[in-house]
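[1] pasting the structure only:
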């Protein structure tokens, strides 16, 4: 067994274990908070959808990749491959849309002078409905994925673009207009969300910078708790947005390299999948480290 194969197996096993553990803990916490209505924050419905989407991404990519890295072959048939990749794409899109909504909501809290932002903050319960609409949207947008995915049992008969170790994508030659419409539909939503997140991130950084300049002119050492809480929440969301954009761009670069080769190297395939799941694995730990409710639970357990 090559050293590189051992390293990639250990990497996927570690990533999957950390992702399942972190998202499971956070999903249980937000579900309990929303059901009991104890110390519920307006962002909890959004974060619950985000954590659930990340959990689906980790399960649908990490477990098959780990099994393939261990050496198992033909453990998924055509139907299982279609379901795994379909829900992976759907959950990845929901994670993108939810992160976009989360950044927009935080900007609405900071920019309170604008009437439109005030109207938005008046209806925090609508964000739970938006989460369900994101799932429906991504289920419809990615409906073409099961049509192209094919299981490993047909590798000998059909030349496949192996975007994963365990499944492939059937090469098709549709009409140029149909292919162009698919690409535009799939990329337009991602690009709009990424542009919106970068705009909201710039707005939040500008607001925090102005707030810091105003605070410097105050000579009193007694500070209000509300600005500190909003600044901490803003930094958390900025961290999440920066992580998502960074991993999205890196993963898209490797996916593009894989798509340009008829028989791509396995390390390109593994890196594209690994980077694609990094945000889903790391984001719950960022949320847990910055949520005072969770840190209080940990401190009470330690005491």
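    Structure received. Fair warning: this is a prediction, and the values are worked out from it, not measured in the lab.

[2] Where do the helices of the stretch 151-300 of the chain begin and end?
    176-216, 225-259, 266-276, 278-290, 292-302 (DSSP state H, counting those that start in this stretch).

[3] Just put these in a markdown table and tack on distance to residue 6, mean neighbour count and mean pLDDT.
    In short, each C-beta sits where N, CA and C put it, glycine included. Shown next, in a markdown table, are the helices of the stretch 151-300 of the chain (distance: least, CB to CB, whole Å; neighbours: other CB atoms under 10 Å; pLDDT from 0 to 100):
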| stretch | distance to residue 6 | mean neighbour count | mean pLDDT |
| --- | --- | --- | --- |
| helix 176-216 | 34 | 14 | 75 |
| helix 225-259 | 21 | 16 | 77 |
| helix 266-276 | 13 | 19 | 81 |
| helix 278-290 | 20 | 20 | 89 |
| helix 292-302 | 34 | 11 | 74 |
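
[4] Redo these as JSON lines? Include distance to residue 104.
    Supplementary listing: those in JSON lines, determined by distance: least, CB to CB, whole Å:
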{"stretch": "helix 176-216", "distance to residue 104": "6"}
{"stretch": "helix 225-259", "distance to residue 104": "10"}
{"stretch": "helix 266-276", "distance to residue 104": "24"}
{"stretch": "helix 278-290", "distance to residue 104": "17"}
{"stretch": "helix 292-302", "distance to residue 104": "23"}
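
[5] Now residue 291. Its backbone dihedrals?
    Here is the backbone geometry of residue 291 (degrees, to the nearest 10): phi -90, psi 120.

[6] if we can go back for a sec, out of the helices of the stretch 151-300 of the chain, the one nearest residue 48 is which?
    Judged by CB to CB, the one of the helices of the stretch 151-300 of the chain that comes nearest to residue 48 is helix 278-290, at 10.9 Å.

[7] by how many degrees do the closest one and helix 292-302 diverge?
    In terms of direction (axes from the mean of the first three to the mean of the last three CA atoms, to 10 degrees), helix 278-290 departs from helix 292-302 by 70 degrees.

[8] contacts for helix 278-290?
    Contacting residues not belonging to helix 278-290 are listed as 15, 18-19, 22-23, 25-26, 47, 50-51, 53-55, 57-58, 95, 232-233, 235-236, 239-240, 243-244, 247-248, 294-295 [CB atoms under 8 Å, 6 or more residues apart in numbering].

[9] what residue is smack in the middle of this protein?
    The residue lying closest to the centre of the chain (CA atoms, centre = their mean) is residue 95, at 3.8 Å.

[10] Which residue lies closest in space to it, excluding its sequence neighbours?
    Here the nearest residue to residue 95 in space, its sequence neighbours aside, is residue 53; by CB to CB, 6 or more residues apart in numbering that works out to 4.3 Å.

[11] Neighbours of that neighbour, how many?
    Residues within reach of residue 53, counting by other CB atoms under 10 Å, total 27.

[12] Next up, the contacts around it.
    91, 92, 94, 95, 98, 280.
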